[in-house]
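K.L.:
for reference, the sequence and a predicted model appear below.
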Amino acid sequence: MEQTNSEVQVGRGVNAGRRNFLKYTGAAAATAVLIQGCKKDDDDPDAVNLGSGDIGILNYAYALEQLEAAFYTNVVADPYTNMSAEETQIMNDLKAHEIAHRDFLKAALGSSAIQDLEVNFSAINFKDRSSVLAAAKTFEDLGVAAYNGAGKLITDPAYLLIAGKIVSVEARHAAAIRDLINPGTASFSGDDVIDNNGLDGKMDPPAVLSAASAYLKTKVSGSNLPTS
């Protein structure tokens, strides 16, 4: 299939990639999103409700991208001891990608976007390589499984296409982090995430939000998200 000019330009550097990613997908998606208010959860007034339908799923993805962007921003701002030049480049690339994903989803959602979430990274020692890479592996594997599990819940084909483009990048991230942890092995596609059919695993929103809650100060509710 012939690539569009915007798709070709995405590969020309991190900054250019971010601009073209937003240009290619953001304008079309932003005009297509139906405006829906995101209210507090009726059962828990302190929880931010993601909403319902496709808007809820986009906010679900936006919440996860906020978490990942905040994590890599911290990693780059406070590098762990003896971070190599290669690792520094990887972390900067991952930071740029996650910020691009976060900003794109926020722009697409417009006034339907949930608030900025407060994170809780107290369990992560950002000066320790093992701690940072273990957290990165958790976030990336969780992100891939989350997008895979949410695909069936998206009704708009344009949103499904966008989700597919994002999850493919998240999978590249997961492979890169796994290779840093166990270089020269096949851990990048370990059987803990790839099944006997060669397919990546998936997780439904309740399980993902439960896992992500350990790293969020802000309570998030997916009570109105579609289930089928």
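P.N.:
Alright, I've got the coordinates. Numbering: from 1, shown residues only.
K.L.:
count the residues that sit near the residue nearest to residue 153 when sequence neighbours are not counted.
P.N.:
Once flanking residues are discounted, residue 153 sits nearest to residue 226: 4.6 Å by CB to CB, 6 or more residues apart in numbering. Placement of C-beta: from N, CA and C, glycine included. By the measure other CB atoms under 10 Å, the count of residues near residue 226 is 16.
K.L.:
where along this structure do the helices fall?
P.N.:
For the chain, the helices defined by DSSP state H occupy 5-9, 14-21, 27-32, 53-77, 85-109, 129-150, 157-181, 205-212.
K.L.:
show me where the protein dips below the pLDDT cut-off.
P.N.:
Residue ranges of the chain with pLDDT under 70: 1-43, 186.
K.L.:
any idea how far residue 183 is from residue 77?
P.N.:
Going from residue 183 to residue 77 by CB to CB, to the nearest Å gives 25 Å.
K.L.:
go on, residue 136?
P.N.:
15 Å.
K.L.:
so which residue is dead centre in this protein?
P.N.:
residue 65 (3.7 Å; CA atoms, centre = their mean).
K.L.:
correct me if wrong: it contacts residue 98.
P.N.:
Yes: counting by CB atoms under 8 Å, residue 98 is a contact partner of residue 65 at 6.0 Å.
K.L.:
sorry, back to before: turn the helices of the chain into JSON lines, including distance to residue 116.
P.N.:
JSON lines is the format used below for these (distance: least, CB to CB, whole Å):
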{"stretch": "helix 5-9", "distance to residue 116": "28"}
{"stretch": "helix 14-21", "distance to residue 116": "19"}
{"stretch": "helix 27-32", "distance to residue 116": "18"}
{"stretch": "helix 53-77", "distance to residue 116": "7"}
{"stretch": "helix 85-109", "distance to residue 116": "9"}
{"stretch": "helix 129-150", "distance to residue 116": "18"}
{"stretch": "helix 157-181", "distance to residue 116": "20"}
{"stretch": "helix 205-212", "distance to residue 116": "15"}
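K.L.:
wait, which of these is closest to residue 199?
P.N.:
helix 129-150 (8.7 Å; CB to CB).
K.L.:
with just CA atoms, put the closest one into CSV.
P.N.:
What follows is helix 129-150, C-alpha atoms only, in CSV (Å, rounded to 0.1, in the frame of the first residue of the first chain):
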residue,chain,number,x,y,z
ARG,A,129,18.5,1.1,36.5
SER,A,130,16.7,-2.1,37.5
SER,A,131,13.8,-0.3,39.1
VAL,A,132,13.3,2.0,36.1
LEU,A,133,13.5,-0.7,33.5
ALA,A,134,11.1,-2.9,35.5
ALA,A,135,8.6,-0.1,35.7
ALA,A,136,9.1,0.7,32.0
LYS,A,137,8.4,-3.0,31.2
THR,A,138,5.3,-2.9,33.3
PHE,A,139,4.0,0.3,31.6
GLU,A,140,4.8,-0.9,28.0
ASP,A,141,3.4,-4.4,28.4
LEU,A,142,0.3,-2.9,30.1
GLY,A,143,-0.1,-0.4,27.3
VAL,A,144,0.0,-3.0,24.6
ALA,A,145,-2.4,-5.3,26.4
ALA,A,146,-4.8,-2.3,27.0
TYR,A,147,-5.0,-1.3,23.4
ASN,A,148,-5.4,-4.9,22.3
GLY,A,149,-8.2,-5.4,24.8
ALA,A,150,-10.0,-2.1,23.9
